[in-house]
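Asker: I'd like to go over a predicted model; first the sequence, then the structure.
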Amino acid sequence: MNIAMILSGGVGKRFGAPTPKQYQDLFGKAVVDYVVEATLSSGKIDKVLVVCAEEYFDRFTQKYNVDVCAGGAERNISFKNGLEYIKAHYDCKKIMVFDAMRPFVTKELIDTYMDKLDEYEVVATCQRIVDSLGCLDFLECDRSRYYILQSPEAFRFDLLYNNLKPESPLVEAYQQLPEGTSLYRYFDFPDNYKLTYHHDLDFMKMYMKHKKEKAQENGNI
């Protein structure tokens, strides 16, 4: 069984609004709904689990055919809670983990990651560094040796379950896995924007409007 796990337990302190940022309206839908609907559209995902505050359980179970479980005070605690729920209820072989604040994931992206797990143990979303890179410890820094890690990530379930430590300060799960774990770095998802601040929501609205206009121009809508 392949499972998509969506981490939606954050309160969004930096966003600074009474409603957590993943439930902010983005053209008539909450930001997290774009992620849920993308996972449900993939034929390679058998079950979707949303890890969130208990007050939002009914919202997801009534709107979508998904499972829910309670999140924690920190991301890694929510992550581990989700893994424990899956272990208790399903025989999971592959898992893909999503951030509720990144609404531009697609069915095609999910299918690609699931297929890559046939060959690799982990698939990570990566972004190349295009600005100059500095370091506090030395002057010269070769940016080509570094990259940015983001969600979504995909794993073989048992490997992740046996190695994720909720007390770890590392927020990217791949960094907690044993040395030598086979990793596929996926660099072809440049529009993986994350909602963090209020102006990010304005940008996302403009970006979605632009994409829709371009699709109309090209006859894709």
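Answerer: Thanks, I have it.

Asker: can we go C-alpha only for contacts and neighbour counts from here?
Answerer: OK.

Asker: contacts only, for residue 191.
Answerer: residue 104 (Cα atoms under 8 Å, 6 or more residues apart in numbering).

Asker: repeat for residue 51
Answerer: Counted by Cα under 8 Å, 6+ apart, residue 51 has contacts 5-9, 68-71, 78-79, 81-82.

Asker: do that again at 6 Å, thanks
Answerer: 7-8, 68-71 (Cα atoms under 6 Å, 6 or more residues apart in numbering).

Asker: shaky segments in the protein?
Answerer: 10-18, 220-221 (pLDDT under 70).

Asker: have a look at this protein and report its longest helix.
Answerer: The helix that spans the most residues within the chain, counting by DSSP state H, is helix 198-217.

Asker: and it, what's buried?
Answerer: When burial is assessed from 16 or more other Cα atoms under 10 Å, helix 198-217 yields the following buried residues: 201, 204.

Asker: ok, residue 2 - how many residues close by?
Answerer: Neighbours of residue 2 under the rule other Cα atoms under 10 Å: 20.

Asker: so who does it touch?
Answerer: 45-46, 92-95 are the contacts of residue 2 under Cα under 6 Å, 6+ apart.

Asker: ok, now how distant is it from residue 162?
Answerer: 17 Å (Cα to Cα, to the nearest Å).

Asker: please apply the same query to residue 92.
Answerer: Here residue 92 is placed at a distance of 13 Å from residue 162 (Cα to Cα).

Asker: and for residue 139?
Answerer: Counting by Cα to Cα - residue 139 and residue 162 are separated by 39 Å.

Asker: so what's residue 143 up against?
Answerer: Contacts of residue 143 by Cα under 6 Å, 6+ apart are residue 133.

Asker: how much space between it and residue 171?
Answerer: Counting by Cα to Cα - residue 143 and residue 171 are separated by 22 Å.

Asker: ok, so of the contacts of residue 51, who is nearest residue 207?
Answerer: For the contacts of residue 51, the closest approach to residue 207 (Cα to Cα) belongs to residue 8, at 22.6 Å.
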